[in-house]
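Chemist: sequence-free structure coming up:
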């Protein structure tokens, strides 16, 4: 489960692994629906035809327009989102955002817990698809 690629952008750091992405948005950014265009390009380039999960490692303070989620949900092979909020306020924001996303969306206390859930979630999906 080694890192495949690292992308440094003005607004975020993106770590691409075999079956998930870890995104760390930078301080003060406002995440808008247009951010999905880049996410979709990355997903299609690195995960074409393969289920994957988006992990948001919220270590900095930034804002998310919840209208981003319907467009995120439309990315075909993005099957779930995991959030790791750093503070209680960030956790409340993540809980609020959850209502805008209809696929699996979980909130974790650590990156380790989120990655474990990703592996378990994707494993269960593969098992159910085989049946």
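Modeler: That came through fine. Please read these numbers as outputs of a predicted model, since none were measured by experiment. Numbers count the residues shown, from 1 in each chain.

Chemist: Next, name the residue at the spatial heart of this protein.
Modeler: residue 54 (2.2 Å; Cα atoms, centre = their mean).

Chemist: Skipping its backbone neighbours, what lies nearest that one in space?
Modeler: Closest residue in space to residue 54, ignoring its immediate chain neighbours: residue 81 at 5.0 Å, by Cβ to Cβ, 6 or more residues apart in numbering. Glycine gets a C-beta too; all of them are placed from N, C-alpha and C.

Chemist: From residue 106, how far out is that neighbour?
Modeler: According to Cβ to Cβ, to the nearest Å, residue 81 and residue 106 sit 8 Å apart.

Chemist: Which one of the two is surrounded by more residues?
Modeler: For the pair residue 81 and residue 106, the greater number of neighbours falls to residue 81 (22 against 18), based on other Cβ atoms under 10 Å.

Chemist: Can you point out the buried residues in the helix ranked longest in the chain?
Modeler: Secondary structure of the chain per DSSP state H: the longest helix is helix 111-130. Neighbour-count burial for helix 111-130, counted by 16 or more other Cβ atoms under 10 Å, picks out 114, 115, 117, 118, 121, 122.
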